[in-house]
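Peer 1: How does the following fold in three dimensions:
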Amino acid sequence: MSLLEVIFKRRSIRRYRSEQIPDDVLKNILEAGRLAPSADNAQPWHFVVVTEPKIKEKLSTGIWNRFIKDSAVTIVGCGYTDNEWSTIDVTIALENMVIAAETQGIGSCWIGDFKEEEVKELLGIPENLKVVALVSFGYPAEKPSPPRKKSLETIVHYNKF
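Peer 2: Numbers count the residues shown, from 1 in each chain. I've put the predicted structure just below:
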């Protein structure tokens, strides 16, 4: 499958099979994040890889993130608070991880439903870091249909709005 096919066919997965992700596959996912571009090559990120069932259970307390507990891995992307580009850079790194996962048959889902201070306390994340996003990963136990998307004509503007 070409990279474009991977991107075009990727879906958010909220139901996972119980099998674990092999270490080499997880390393590829993390390596894809590590190699992401960042402003001035600052690499203002840290990633907490959560595999412990009790911690995943505690991260699964929101209305829209209950599936975290069933993921093989949930990665918490953090950026330095004193770096104005860290939110963008961490997001790019996490997206690289999502694409790397998809190419290896691993599903994922972005998670924005979290309470930052609770996540920081649970995971021991230092004060000089902000939690940008969580992404769950695992072997898909579902194959969602493509969602309806707006047409390019309604969202793309050339040279001015």
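
Peer 1: Nearest residue to the middle of the chain?
Peer 2: Centroid-nearest residue in the chain: V135, 3.0 Å away (criterion: CA atoms, centre = their mean).

Peer 1: Checking my notes, that one in a strand, right?
Peer 2: Yes. Counting by DSSP: H, G, I helix; E, B strand; the rest coil, V135 falls inside a strand.

Peer 1: wouldn't it be in contact with L94 here?
Peer 2: Yes. Applying CB atoms under 8 Å, one finds V135 in contact with L94, separated by 5.5 Å. For the C-beta atoms, the positions are set from N, CA and C on the backbone; glycine is no exception.

Peer 1: residues shared between the contacts of those two?
Peer 2: With contacts defined as CB atoms under 8 Å, 6 or more residues apart in numbering, the residues adjacent to both V135 and L94 are I75, G77, W110.

Peer 1: Mind checking which of those residues are buried?
Peer 2: Of all the shared contacts of V135 and L94 considered here, the ones buried according to neighbour count by 16 or more other CB atoms under 10 Å are I75, G77.

Peer 1: quick one: which of the shared contacts of V135 and L94 is nearest K149?
Peer 2: Top of the list for closeness to K149, among the shared contacts of V135 and L94 and by CB to CB, is W110 at 16.0 Å.

Peer 1: Buried ones in the helix or strand hosting that closest one, by neighbour count?
Peer 2: For W110, the element it lies in under DSSP states H and E is strand 107-111. Neighbour-count burial for strand 107-111, counted by 16+ other CB under 10 Å, picks out G107, S108, C109, I111.

Peer 1: Same check on stretch 111-125?
Peer 2: Residues of stretch 111-125 classed as buried by neighbour count (16+ other CB under 10 Å): I111, F114, V119, K120, I125.

Peer 1: just stretch 37-46 next, same as before
Peer 2: Using 16+ other CB under 10 Å as the test for burial, stretch 37-46 gives S38, Q43, P44, W45.

Peer 1: For the last one, which non-adjacent residue is spatially closest?
Peer 2: In space, not counting the residues next to it along the chain, W45 is nearest to V90; the distance is 4.8 Å by CB to CB, 6 or more residues apart in numbering.

Peer 1: That neighbour belongs to a helix, doesn't it?
Peer 2: Yes. The assignment for V90 (three-state DSSP) places it in a helix.

Peer 1: tally of neighbours for it?
Peer 2: Other residues near V90 come to 28 when the count uses other CB atoms under 10 Å.

Peer 1: Which pLDDT value belongs to it?
Peer 2: In this model, V90 is scored at 98, pLDDT.
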